[in-house]
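J.: here is a sequence with its predicted model. Questions after.
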Amino acid sequence: MRTPFAPLDRLRPAAPLMLRLALGVIFFWHGVDKFDTGISNVEGAFDGWGVPVPGLAAPLTAVTEIIAGAMLIIGLATRLAASALAAVMVGSLLFVKLEDGLLGAAELDLALLAGLLALVVTGPGWLSVDEQVGLEPAPARP
């Protein structure tokens, strides 16, 4: 039996590409914004939230967001980049967001974390450097 959504099945292989692009752009710009804001200001915020070693954590977070975000956009070492960003999100949830509860401030971080974990599990999808250089098998194309 054909469902009304059956035509969308052919687009299923594009889902990782859509996640990579959306998440990659979000994280890339968040990292750039940390430097635009002033990394010393970010360090102060991290210190206020109780993030360990804020002088190291702030620039490391910003650089991770920029580099891993760019890697997601082009699909290079996608599972590794998504894992690194997932670690950043876990830190954000533990040190910043959960004290306010799961509803509210943590909702976006949980959604971003879920998208990153989906990429860790599914891989980069098509139109990725990973596929072109053989790091991931070529998926079916839409």
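T.: Arrived safely.
J.: SS state for residue 41?
T.: What DSSP: H, G, I helix; E, B strand; the rest coil gives for residue 41 is helix.
J.: now it: how far from residue 50?
T.: Distance, residue 41 to residue 50, by CB to CB, to the nearest Å: 17 Å. Placement of C-beta: from N, CA and C, glycine included.
J.: sketch out the low-pLDDT regions of the chain for me.
T.: Counting by pLDDT under 70, the chain has low-confidence residues at 1, 102, 138-142.
J.: what about the helices in it?
T.: Taking DSSP state H to define them, one finds helices in the chain at 15-37, 39-49, 54-74, 78-92, 105-122, 129-133.
J.: so residue 106 sits right up against residue 94, yeah?
T.: No. Counting by CB atoms under 8 Å, residue 106 sits too far from residue 94 to count as a contact (10.2 Å).
J.: residue 112 reaches residue 26, doesn't it?
T.: Yes. Here residue 112 reaches residue 26: they are 7.0 Å apart, a contact under CB under 8 Å.
J.: and these two? Which one has more around it.
T.: residue 112 (21 against 17; other CB atoms under 10 Å).
J.: what sits against the more buried one?
T.: Applying CB atoms under 8 Å, 6 or more residues apart in numbering, we find residue 112 in contact with 23, 26, 85, 89.
J.: and of the residues you listed, the nearest to residue 129?
T.: Nearest to residue 129, judged by CB to CB, of the contacts of residue 112 is residue 23 at 16.0 Å.
J.: with distance to residue 36 as extra columns, can I get the contacts of residue 112 in a markdown table?
T.: Formatted as a markdown table, those follow (distance: CB to CB, whole Å):
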| residue | distance to residue 36 |
| --- | --- |
| 23 | 20 |
| 26 | 15 |
| 85 | 19 |
| 89 | 21 |
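J.: for those, pick the one with the most neighbours.
T.: Counting neighbours by other CB under 10 Å, residue 85 comes out on top of those with 30 neighbours.
J.: my guess is that one contacts residue 68, does it?
T.: Yes. With contacts counted by CB under 8 Å, residue 85 reaches residue 68, the gap being 4.9 Å.
J.: joint contacts of those two?
T.: Listed as contacting both residue 85 and residue 68 by CB under 8 Å, 6+ apart are residue 27.
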